[in-house]
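Engineer: Just need the structure, nothing else, for what follows:
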Amino acid sequence: MGDILSQNEIDELLKALGTGELNVKDIKDASGEKKIINYNFKRPSKFSKDHLKALKSIYENYARLATNFLTGYLRALVQIDVIESESLTYSEFIGSISNPLVLAVVDFTPLEGSIIIEIPPKIVFAFIDRILGGKCNTFEDEREFTEIELAIIERIVVQMLNVMREPWQNIIQIRPILEKIETNTQFARIISPNEVVALVTLSIKLSDVEGMINICIPYITVEPIIEKLSTRYWFTSIERQTDSSSKELIESKISATKVPLKAIFGSTSITVSDFIELQKGDVLPLDNDINSELDVYVGNLLKFRGKPGVKKNRVSIKITALVGKEDE
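Structural biologist: As a prediction, the model looks like this:
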């Protein structure tokens with residue numbers, strides 16, 4: 001029976017109900033049956049939308065940190081943004097890229113397994129050109145990378161991996177280690193072709209050169225922490241960090257912080273010639289009365305009023321009043 005009945009089908013249905021050939025109870029039982037959902041066993045959906053959303057949030061934070069790092073490291077304007085995060089099979093990821101390219105195979109310690117960072121050749125050549133003193137020029141003709149060029153890009157990737165630690169710290173304290181750099185997809189088979197991966201795509205702009213960086217995260221690598229990989233867990237973990245012990249630690253650190261304290265006895269004005277001729281023992285009359293209260297500053301903020309004196313042979317000031325904003 002289709003979703004929409006024709007007039008003839010409606011008439012036949014009413015006629016069957018009227019003659020007793022069809023029971024209303026049978027219709028209700030049929031409507032209460034569970035609906036069958038198609039499932040593709042070749043491409044199981046292991047990453048939920050919440051998992052992909054959490055990964056996108058993690059790498060949005062990473063994009064911000066990597067932008068700041070590369071801008072300072074290369075001394076050139078760099079902008080990195082997250083475009084999307086999606087789930088696909090490893091064979092689809094490998095089939096979507098072409099040689100030559102840079103594939104950084106990264107050990108995702110303490111998690112078992114590796115992830116892959118794919119950087120397009122034009123971005124790699126722009127990195128290398130800038131490191132060697134150029135203006136982020138790239139090459140139109142595709143060619144293989146030399147050993148010196150690979151050594152330079154390896155140093156940059158290692159630094160970019162150090163930046164990746166902070167965005168993951170609310171989920172797990174990772175220690176990403178660069179295992180190797182491959183320039184051919186045939187030598188980067190870290191998992192089975194049918195395994196599911198999450199692909200986070202970032203856009204990068206270096207001066208006038210633009211490209212895409214892909215971060216391939218296999219499901220089997222993050223499976224032990226998949227329950228934590230959600231935006232809800234992320235925000236609740238942030239709230240848990242602000243418990244009473246953390247507050248006490250912050251308060252103790254603030255209490256031990258030293259701040260400059262100064263009391264203003266008064267002020268006066270003199271000419272430059274008088275200032276040049278000042279000698280030891282000269283007296284300058286101030287605009288403050290000897291019995292008036294002095295302004296006491298914490299840093300550059302007026303906080304107290306007090307009176308000067310001596311205590312235990314040391315010049316001191318006695319706090320007599322607390323200054324509020326309305327008293328300033």
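
Engineer: Below-threshold pLDDT in the stretch 101-250 of the chain: ranges please.
Structural biologist: Low-confidence regions of the stretch 101-250 of the chain, defined by pLDDT under 70, span residues 137-142, 231-246.

Engineer: can you map out the helices along it?
Structural biologist: In chain order, the stretch 101-250 of the chain shows helices spanning 121-131, 147-163, 165-168, 219-222, 231-241, 244-255, with DSSP state H, counting those that start in this stretch as the criterion.

Engineer: distance between the fourth one and the chain's centre?
Structural biologist: So the one you mean is helix 219-222. Relative to its chain's centre, helix 219-222 lies at 20 Å (CA atoms, centre = their mean, to the nearest Å).

Engineer: Sticking with residue 88, tell me its helix or strand.
Structural biologist: When elements are defined using DSSP states H and E, residue 88 is found to belong to strand 78-89.

Engineer: Run through who's touching that strand.
Structural biologist: Contacts with strand 78-89, where a contact means CB atoms under 8 Å, 6 or more residues apart in numbering, come from 42-43, 45-47, 52-53, 55-56, 59-60, 63-64, 66-67, 70-71, 193-206, 212-213. No exception for glycine: its C-beta is placed from N, CA and C like everyone else's.

Engineer: quick one, which of the helices of the stretch 101-250 of the chain is nearest to residue 293?
Structural biologist: Across the helices of the stretch 101-250 of the chain, residue 293 has its closest neighbour in helix 244-255 (27.2 Å, CB to CB).

Engineer: still on that earlier bit, among the helices of the stretch 101-250 of the chain, which is nearest residue 262?
Structural biologist: The minimum distance between residue 262 and the helices of the stretch 101-250 of the chain falls on helix 244-255, with 20.5 Å, by CB to CB.

Engineer: Relative to the whole chain's centre, how far out is the closest one?
Structural biologist: Mean-position distance between helix 244-255 and its chain equals 25 Å (CA atoms, centre = their mean).

Engineer: List the neighbouring strands of the strand holding residue 88 plus their orientation.
Structural biologist: Note on strand 78-89: by DSSP bridges, its sheet partners are strand 196-206 (antiparallel).

Engineer: what's the angle between the partner strand and helix 121-131?
Structural biologist: Compare the direction of strand 196-206 with that of helix 121-131 by axes from the mean of the first three to the mean of the last three CA atoms, to 10 degrees and you get 50 degrees.

Engineer: Residue 153 contacts residue 128, correct?
Structural biologist: Yes - contact criterion CB atoms under 8 Å: residue 153 and residue 128 qualify, at 6.6 Å.

Engineer: my read is residue 51 is in a helix, agree?
Structural biologist: Yes - membership of residue 51 in a helix is supported by DSSP: H, G, I helix; E, B strand; the rest coil.

Engineer: Which residue lies closest in space to it, excluding its sequence neighbours?
Structural biologist: Distances taken as CB to CB, 6 or more residues apart in numbering put residue 229 closest to residue 51, at 5.1 Å, once the chain neighbours are dropped.

Engineer: ok, so what distance separates that neighbour from residue 128?
Structural biologist: For residue 229, the distance to residue 128 equals 35 Å [CB to CB, to the nearest Å].

Engineer: now swap in residue 220 and tell me
Structural biologist: 33 Å.
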